[in-house]
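> sharing a model that was predicted from the sequence below.
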Amino acid sequence: MPRKGKTCLCCPPNCTSSSSSTDRHRPDFAAAAIDRAIAMADSIVMKWSIESSAYARLTSLLYQNRREAKEFIKTVENLQKAMHFIIGNNSCSDQLARAHNLMRIAMERLQKEFYQILSMNRAHLDPESVSTRSSQMSTGSSTVDCDDDEEDAGRGEISEVEDASSLAMADLRLIAECMISSGYTRECSRIYSTIRKSIVDESLYRLGVEKLTSSEIHKMDWKLLELRINNWITAIRTAVKTLFNGERILCDHVFAISDSIRERCFAEISKAGAIILFEFPETVARNTKKSPEKLFRALDMYAAISNYLPEIESIFSFNSTLTVKSQVHKSFARLAEVILTALHDFESTILKESSKSPISGAGIHHLTINTMNSLSMLADYSNILSNILAAAPPPQLPKQSLPESFTAFLDGNTSPPAALSLKMAWLVLVLLCKLDTKSKLYKDVSLSYLFLANNLQYVVVKARASNLNRLLGDQWLTELEYKVKQFASNYERLGWSHVIESVPSDPTAVDSPEKVLEILIKFNGLFSQAYRKHSVCVVPDKNLRDDIKLSLARKTVPLYREFWNAHRRMIGRRRISLPMVRYTPDDVSNMLSELYFDSGGSLSFHIPSSPAVPSSFR
């Protein structure tokens with residue numbers, strides 16, 4: 001029996017349980033309102049039924065007559081309210097059946113409109129347009145709700161592309177809200193997910209993102225794989241900043257009425273493509289052989305993910321997309337592992353360098369060049385390496401065998417920058433130890449010192465000119481520069497002191513012509529021998545070369561010139577008969593200025609346990 005104060009619209013008035021005048025008139029009023037709602041729905045819904053006419057099938061309601069489109073949506077909302085009233089009051093089944101049929105026809109129309117907007121506005125709904133427009137658009141507004149004149153005034157300063165994007169987004173949202181409120185969530189979300197997923201998949205394909213198996217990557221030539229890595233690094237920016245970000249914004253806007261629906265739709269659209277994108281670094285790291293160049297590609301991929309990690313975390317914040325974030329962190333962890341292993345191999349490669357031939361001219365060893373080039377490049381990744389090293393176990397270094405200048409790195413705090421500085425300083429120290437071993441390949445000790453001076457100078461100059469300067473610190477580099485001067489001084493002492501010392505410091509103390517000639521002959525002979533031996537030596541660094549030559553010239557030429565001038569007359573009379581006296585002071589000066597120029601040569605590539613630190617570096 002009906003509840004008190006209520007009536008069944010299918011029953012006659014005498015079925016009511018109240019005799020009041022208001023209650024007697026209420027059934028007639030409600031029935032009339034429902035009849036009007038159904039009649040109005042019948043008029044406008046049937047006009048736009050896709051089965052009613054070719055015009056309705058081929059024409060878009062929203063773009064043909066926007067005022068009528070608003071009326072259509074409002075009519076569907078009223079029809080839905082009428083259906084709820086009929087069901088709630090156990091009213092006549094024929095009215096409910098009629099309303100259901102009209103709702104079905106209306107939903108077919110709206111499904112068609114929804115599909116057409118998504119299909120025909122691909123350019124206006126591309127992620128870049130959506131991302132740009134979203135910053136100017138309020139998620140609480142809906143363009144369809146405005147009158148045409150208001151729309152024109154409100155969008156006067158917006159570009160045509162942004163205007164079309166905004167209009168399409170608002171229309172999609174209006175239809176989605178109407179369909180979801182009417183119980184057609186599945187149909188609406190299926191259309192949306194199908195079309196937008198195809199756009200995401202196509203966009204990723206155009207960016208060069210495709211699923212590669214472990215076997216395919218393992219068999220791939222490195223040059224081809226490197227091209228794919230570089231392409232991936234380029235693609236991830238567009239994928240995160242534009243593609244997935246735009247899709248999230250669009251999905252959030254269209255399905256603002258329901259958190260669960262927008263979460264489900266976005267996951268269906270983006271999850272598969274995002275996992276393919278973010279699993280690539282892990283697959284590469286797991287299936288490629290170790291090599292120096294791959295270390296830097298791993299760092300580049302790590303940097304790419306790190307740069308966009310906040311955006312990735314925000315875009316894929318739904319529980320249904322946790323697998324995407326999980327894949328990102330798996331790739332992160334795998335790349336970090338590869339980088340740490342590569343750093344260890346880098347050090348081992350330095351220690352294992354086994355060339356036994358001394359470098360011609362006591363020049364710069366290829367190990368020095370390649371190691372310092374690699375370290376200076378690694379220093380450019382200081383932020384990334386700091387984070388990776390901070391999470392790694394601290395190194396166990398033999399503190400008692402380290403040079404005093406190095407212990408400053410060990411005595412500092414354990415912050416990430418300090419950890420990276422320690423690592424870089426340690427690798428430089430490993431190189432210096434190896435260079436000390438290489439210097440012993442020279443039979444002439446003076447050349448050993450020149451070799452050390454040249455190579456240590458390269459280390460300092462390379463460090464000063466790169467981010468290593470900040471990591472290693474000015475104090476340590478200054479101490480290395482002092483070592484360079486010591487090595488150069490030792491070279492000069494062992495290679496040229498016997499020449500310099502052959503001329504007396506006081507030329508007037510020699511008054512015997514025979515003694516003068518003896519000194520001249522001795523000096524010329526020793527200078528000639530030293531010049532021949534050291535003419536093959538090179539000092540590639542201009543500043544170091546100028547310092548060595550200037551020091552030699554200052555100690556040799558003035559002394560020789562003073563002796564020469566003091567005995568000019570005697571020398572002039574006897575020189576023609578003494579071919580052993582060939583060099584005038586000007587000759588000596590000119591010949592010294594021609595020394596140590598590098599003629600150039602080819603270089604190879606190498607990369608970088610606890611080496612014994614040589615005393616010369618302590």
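Sure, I can see it.

> remind me which residues of the stretch 401-550 of the chain are low pLDDT?
Residues of the stretch 401-550 of the chain that meet the criterion pLDDT under 70 lie in 401-417.

> same thing with the stretch 251-400 of the chain?
Using pLDDT under 70, the stretch 251-400 of the chain drops low at 394-400.

> please apply the same query to the stretch 101-250 of the chain.
128-129, 131-161.

> same thing but at 90, please
Low-confidence segments of the stretch 101-250 of the chain (pLDDT under 90): 101-110, 112-113, 116-117, 119-171, 181-183, 218, 222.

> show me where it has strands.
In the stretch 101-250 of the chain, no strands are defined using DSSP state E, counting those that start in this stretch.

> which parts of the helix or strand where residue 87 lies are buried?
Following DSSP states H and E, one finds residue 87 within helix 66-88. Residues 66, 69-70, 72-73, 75-76, 78-80, 82-83, 85-86 are the ones in helix 66-88 that count as buried (16 or more other CB atoms under 10 Å). Bear in mind the C-beta positions are built from the backbone N, C-alpha and C, glycine included.

> just stretch 591-601 next, same as before
For stretch 591-601, using 16+ other CB under 10 Å, the buried residues are 592, 595, 596, 598.

> of these, which is the nearest to residue 208?
residue 598 (43.9 Å; CB to CB).

> how near is that closest one to residue 363?
Computed as CB to CB, to the nearest Å, the residue 598 to residue 363 distance reads 7 Å.

> go on, residue 221?
With CB to CB as the criterion, residue 221 and residue 363 are 35 Å apart.

> kindly report the same for residue 285.
Taken as CB to CB, the span from residue 285 to residue 363 is 38 Å.

> again with residue 203
53 Å.

> kindly report the same for residue 220.
For residue 220, the distance to residue 363 - CB to CB - is 39 Å.

> with residue 349 instead?
Distance from residue 349 to residue 363, by CB to CB: 21 Å.

> out of these two, which sits in the busier spot?
residue 363 (22 against 18; other CB atoms under 10 Å).

> list the contacts of that one.
451, 454, 538, 540, 598, 601 (CB atoms under 8 Å, 6 or more residues apart in numbering).

> next one: the nearest residue to residue 561 once chain neighbours are set aside, what pLDDT does it get?
Leaving aside its sequence neighbours, residue 561 sits nearest to residue 585 (CB to CB, 6 or more residues apart in numbering; 3.8 Å). At residue 585, the model reports a pLDDT of 91.

> before we move on, what SS does the residue nearest the centre of the chain have?
What sits nearest the mean C-alpha location of the chain, by CA atoms, centre = their mean, is residue 304, with 2.6 Å. Put simply, residue 304 is helix when judged by DSSP: H, G, I helix; E, B strand; the rest coil.

> helices of the stretch 451-600 of the chain, residue ranges please.
Using DSSP state H, counting those that start in this stretch, the helices assigned to the stretch 451-600 of the chain run over residues 468-472, 474-500, 513-534, 542-566, 568-574, 585-593.

> please read the previous query as pertaining to the stretch 301-450 of the chain.
Under DSSP H, counting those that start in this stretch, the stretch 301-450 of the chain gives helices at 309-315, 322-352, 366-379, 382-391, 407-411, 416-439, 445-464.

> okay, the ones you listed in a markdown table with distance to residue 213 next?
Listed next are these as a markdown table, based on distance: least, CB to CB, whole Å:
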| stretch | distance to residue 213 |
| --- | --- |
| helix 309-315 | 24 |
| helix 322-352 | 16 |
| helix 366-379 | 31 |
| helix 382-391 | 27 |
| helix 407-411 | 44 |
| helix 416-439 | 35 |
| helix 445-464 | 41 |
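
> quick one: which of those helices is nearest residue 237?
helix 309-315 (9.9 Å).

> just checking, what packs against the closest one?
helix 245-254, helix 322-352 (3 or more CB pairs under 8 Å, 6 or more residues apart in numbering; DSSP states H and E).

> after the first one comes which helix or strand?
Put plainly, it is helix 245-254. helix 259-287.

> from the chain's centroid, how far away is that following helix?
19 Å (CA atoms, centre = their mean, to the nearest Å).

> again with stretch 285-296
For stretch 285-296, the distance to the chain centre is 17 Å (CA atoms, centre = their mean).

> just the CA trace of it, in PDB.
Only the C-alpha atoms of stretch 285-296 are listed here, as PDB (Å, rounded to 0.1, in the frame of the first residue of the first chain):
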ATOM      1  CA  ALA A 285      71.400  -1.800 -18.900                       C
ATOM      2  CA  ARG A 286      70.700  -5.400 -18.300                       C
ATOM      3  CA  ASN A 287      71.600  -6.700 -21.800                       C
ATOM      4  CA  THR A 288      74.600  -4.700 -23.000                       C
ATOM      5  CA  LYS A 289      78.300  -5.500 -22.500                       C
ATOM      6  CA  LYS A 290      80.400  -3.200 -20.400                       C
ATOM      7  CA  SER A 291      82.300  -0.400 -22.200                       C
ATOM      8  CA  PRO A 292      83.400   3.200 -21.400                       C
ATOM      9  CA  GLU A 293      81.000   4.800 -23.900                       C
ATOM     10  CA  LYS A 294      78.100   2.800 -22.400                       C
ATOM     11  CA  LEU A 295      78.800   4.400 -19.000                       C
ATOM     12  CA  PHE A 296      78.000   7.800 -20.400                       C
END
